[in-house]
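>>> Show me the folded form of this:
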Amino acid sequence: MPIVNRVAELHGEITNWRRELHRKPEILFDVHETAAFVSEKLREFGCDEIVTGLGRTGVVGIIKGNRGAGTCIGLRADMDALPLQEAGDRPYASAIPGRMHACGHDGHTAMLLGAAKYLAETRNFAGTVALIFQPAEEGGGGGNEMVKGGLMERFGITRVFGMHNLPGMPVGQFGIRSGPIMASTAEFTIDVQGKGGHAAMPHKSVDPVVTAAQIVVGLQTIASRSADPLESLVVSVTKIHGGDAYNIIPDKVQLAGTIRTLKPEVSKLAEERLHQIAEGVARAQGATVTIDYDPNYPVTVNNPAETDFASGVAGEVAGSANVVIDLPPMMGGEDFSYMLLARPGALIFIGNGDSAGLHNPSYDFNDEAIPYGVSYWVRLAEMALAA
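Numbers count the residues shown, from 1 in each chain. The predicted structure follows:
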């Protein structure tokens with residue numbers, strides 16, 4: 001079955017929603033206008049129940065089928081944007097300086113709203129669909145907040161599904177894999193304390209700049225020399241701050257960065273080695289370090305049965321030749337992982353065409369993907385909840 005005819009008819013309307021959301025990006029949990037927009041649409045569609053404020057600013061819309069009782073499945077979209085200045089002069093560009101939808105969450109929200117409109121009109125399924133609109137995916141752990149707030153138990157959700165756009169994959173294609181599909185994330189900050197002094201007399205100082213530089217180089221050996229080369233591991237130092245003048249050795253330098261892995265045991269190894277390297281290098285230089293290590297999102301792991309089901313649904317919409325079932329795992333993080341820890345389910349990627357990459361100031365969600373994404377959602381609901 002290709003794109004659903006009714007969904008094709010709604011394409012223009014959904015595109016307008018997406019562009020309206022794009023103009024008003026909101027950050028983390030501060031998605032009040034976006035949540036209000038979502039709630040208003042769900043009311044217009046005639047959802048049976050609309051719950052706001054779950055996970056602080058999340059919204060859940062409930063639609064019951066007309067083919068008898070059944071289970072409840074969850075369909076999730078994220079709503080938040082990024083603290084990034086948009087590039088380009090699109091007519092619907094961000095109206096808020098320093099904020100933009102650079103990850104396509106405006107498209108994700110619009111597609112799930114499109115599915116909500118269709119499902120509320122047709123109700124051709126047995127059971128219940130929970131439409132989950134989540135805040136704070138971009139580092140705030142909004143998915144975890146919704147799960148801790150009782151999302152699964154309150155609505156009796158038995159399975160949960162997510163979708164994310166993928167630049168570089170052609171529009172009309174989907175990609176998925178069973179097992180780990182996105183990485184766990186951790187953030188670290190290392191404060192290197194030395195002894196400042198005159199740059200012309202370094203022997204009277206303990207130079208935290210040199211120490212920090214050696215730590216940066218040492219951390220690269222975690223992936224190249226400590227971990228099995230067949231394992232996926234990224235260690236990236238992304239910030240270095242220290243010093244104010246050409247002729248002064250500072251007292252302190254701060255390093256910060258991220259670690260990404262696909263296995264908990266590799267994450268543990270990386271954390272241990274980070275401490276050993278930073279502390280050992282500092283000790284050798286006569287400096288000291290203070291380390292703040294913050295494990296963040298867990299690995300996003302697709303359940304095998306739900307992966308097979310989701311890929312089958314995508315095949316019905318786009319044709320099996322347009323579904324990549326062994327998509328390589330990605331080292332980006334995703335807090336849909338918390339929902340997959342709570343219930344079996346799967347995250348699928350939808351092609352965004354030849355666009356700029358995610359988190360890029362020139363990125364834009366491709367509106368031509370909308371009919372495929374909405375059709376995927378509605379067919380998934382109808383097939384998962386078939387009588």
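
>>> Return the residues in contact with Ser205.
Each residue near Ser205 by CB atoms under 8 Å, 6 or more residues apart in numbering is listed here: Gly194, Lys195, Gly196, Gly197, His198, Ile249. Any C-beta I mention is one placed from the backbone N, CA and C, and that applies to glycine too.

>>> residue boundaries of the strands in the stretch 101-250 of the chain?
Here the stretch 101-250 of the chain has its strands, by DSSP state E, counting those that start in this stretch, at 128-134, 157-166, 174-175, 179-182, 184-193, 197-198, 233-242, 248-249.

>>> secondary structure class for the residue most central in space within the chain?
Among the residues of the chain, Glu334 comes closest to the average C-alpha position under CA atoms, centre = their mean, at 3.5 Å. Of the three states, Glu334 takes coil under DSSP: H, G, I helix; E, B strand; the rest coil.

>>> hang on, it packs against Glu138?
No - counting by CB atoms under 8 Å, Glu334 sits too far from Glu138 to count as a contact (10.3 Å).

>>> my guess is Phe309 meets Gly345, correct?
No - counting by CB under 8 Å, Phe309 does not reach Gly345; the two are 9.6 Å apart.

>>> The two: who's more crowded?
Set Phe309 next to Gly345 and count neighbours by other CB atoms under 10 Å: Gly345 wins out with 26 against 19.

>>> Now the buried members of the contacts of Ser205.
Buried members of these, counted by 16 or more other CB atoms under 10 Å: Gly194, Gly196, Gly197, Ile249.

>>> If the last one is in a bridge, with which residues?
Going back to what we said before, that points to Ile249. With DSSP bridges as the criterion, Ile249 is bridged to Gly197.

>>> The spatially closest residue to Glu306 that is not a sequence neighbour: which element?
Excluding the flanking residues, the one nearest Glu306 by CB to CB, 6 or more residues apart in numbering is Ala346, at 4.2 Å. Take DSSP states H and E as the rule and Ala346 turns out to sit in strand 345-351.

>>> what does the average pLDDT come to for that strand?
Taken as a whole, strand 345-351 has an average pLDDT of 98.

>>> Helix or strand next in line after that strand, which one?
helix 370-384.

>>> hmm, back to that, most tightly packed of the strands of the stretch 101-250 of the chain?
strand 128-134 (a mean of 28; mean count of other CB atoms under 10 Å).

>>> elements contacting that one?
Here strand 128-134 touches helix 32-45, strand 58-64, strand 72-78, helix 105-122, helix 142-148, helix 151-155, going by 3 or more CB pairs under 8 Å, 6 or more residues apart in numbering; DSSP states H and E.

>>> Can you pull the domain assignment for this protein?
5-182+299-384, 184-295 (automatic domain parsing).

>>> who's in contact with the residue sitting furthest away from the middle of the chain?
For the chain, the residue at maximal distance from the C-alpha centroid (CA atoms, centre = their mean) is Met201, at 48.5 Å. For Met201, no contacting residues are found, by CB under 8 Å, 6+ apart.

>>> For it, give me the backbone phi and psi.
phi -130, psi 60 (degrees, to the nearest 10).

>>> Kindly report the same for Ala310.
The phi/psi pair for Ala310 (degrees, to the nearest 10) is phi -60, psi -40.

>>> Just give me the neighbour total for it.
Quick note: Ala310 (other CB under 10 Å) scores 29 neighbours.

>>> Per-residue confidence at it, what does it come out as?
pLDDT, read off for Ala310, is 98.

>>> swap in Gly74?
98.

>>> From Ala35, how far off is the residue lying closest to it once chain neighbours are set aside?
Leaving aside its sequence neighbours, Gly74 sits nearest to Val160 (CB to CB, 6+ apart; 3.9 Å). As judged by CB to CB, to the nearest Å, Val160 and Ala35 stand 20 Å apart.

>>> which residues sit in contact with Ala115?
Leu75, Leu131, Val374, Trp377, Val378, Ala381.

>>> Output stretch 298-306 as PDB, nothing but the C-alphas.
Provided in PDB are the C-alpha atoms of stretch 298-306 (Å, rounded to 0.1, in the frame of the first residue of the first chain):
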ATOM      1  CA  PRO A 298      21.400   5.300  27.500                       C
ATOM      2  CA  VAL A 299      21.800   3.300  24.300                       C
ATOM      3  CA  THR A 300      18.800   3.300  22.000                       C
ATOM      4  CA  VAL A 301      18.000  -0.300  21.500                       C
ATOM      5  CA  ASN A 302      15.300  -1.500  19.100                       C
ATOM      6  CA  ASN A 303      13.400  -4.600  20.100                       C
ATOM      7  CA  PRO A 304      13.700  -7.300  17.400                       C
ATOM      8  CA  ALA A 305      10.000  -8.100  17.000                       C
ATOM      9  CA  GLU A 306       9.000  -4.500  16.900                       C
END
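
>>> Alright, calling it a day.
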